[in-house]
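1. Sequence and predicted structure, then a few things I'm wondering about:
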Amino acid sequence: MAATPGGLDAAERADVRGRLTAALAQLPPVQRQVLVLHDLGGLEHAEVAGLLGISAGTSRVYLHHARRAVRAAPGVRALRDE
């Protein structure tokens, strides 16, 4: 298989996607929602807070915990070393 400009072929991308999906599934729902809305959706903390009925500060805290948990997930941690 040919590698993409990012250096991953289709099978490797699918593996990474699977690892990240599993890591996200382990998050508490509100942390997952904050991470998806902020990091993938591009929303500011105030926007995330308004949608979820939490404060912007709480959004920041949830995002911090979600990112830390995803980075520490066993399958994802291995990606950082590859």
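-> Thanks, I have the structure now.
2. The helix or strand containing Arg17: which residues count as buried?
-> Element membership for Arg17 (DSSP states H and E) is helix 10-25. By neighbour count with 16 or more other C-beta atoms under 10 Å, helix 10-25 contains the buried residues Glu12, Val16, Arg19, Ala23, Leu24. Backbone N, C-alpha and C define where each C-beta goes, glycine included.
3. Could you report the separation of the last one from Gly7?
-> If I follow you right, that is Leu24. Leu24 is 23 Å from Gly7, where distance means C-beta to C-beta, to the nearest Å.
4. likewise the second one?
-> Computed with C-beta to C-beta, the distance linking Val16 and Gly7 is 11 Å.
5. Let me have the buried residues of helix 10-25 in TSV, extended by distance to Gly41.
-> Putting the buried residues of helix 10-25 into TSV (distance: C-beta to C-beta, whole Å) gives the following:
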residue	distance to Gly41
Glu12	25
Val16	20
Arg19	21
Ala23	18
Leu24	14
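6. Can you redo the residues you listed as TSV, where the extra columns are pLDDT and distance to Gly75?
-> Output for the buried residues of helix 10-25, formatted as TSV (pLDDT from 0 to 100; distance: C-beta to C-beta, whole Å):
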residue	pLDDT	distance to Gly75
Glu12	83	13
Val16	83	9
Arg19	89	4
Ala23	93	7
Leu24	94	11
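7. Quick check: the farthest pair among the residues you listed?
-> Largest separation among these by C-beta to C-beta: Glu12 and Leu24, giving 18.6 Å.
8. one step back: can I get the helix holding Arg17 in CSV, CA atoms only?
-> The C-alpha trace of helix 10-25 is given here as CSV (Å, rounded to 0.1, in the frame of the first residue of the first chain):
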residue,chain,number,x,y,z
ALA,A,10,-5.0,3.2,4.6
ALA,A,11,-4.5,0.3,7.0
GLU,A,12,-2.5,2.4,9.4
ARG,A,13,-5.0,5.3,9.3
ALA,A,14,-7.8,2.8,10.1
ASP,A,15,-5.8,1.5,13.0
VAL,A,16,-5.2,5.0,14.3
ARG,A,17,-8.9,5.8,13.9
GLY,A,18,-9.9,2.7,15.8
ARG,A,19,-7.5,3.5,18.7
LEU,A,20,-8.8,7.0,18.9
THR,A,21,-12.4,5.9,18.7
ALA,A,22,-11.8,3.5,21.5
ALA,A,23,-10.1,6.1,23.7
LEU,A,24,-13.0,8.6,23.1
ALA,A,25,-15.5,5.9,24.0
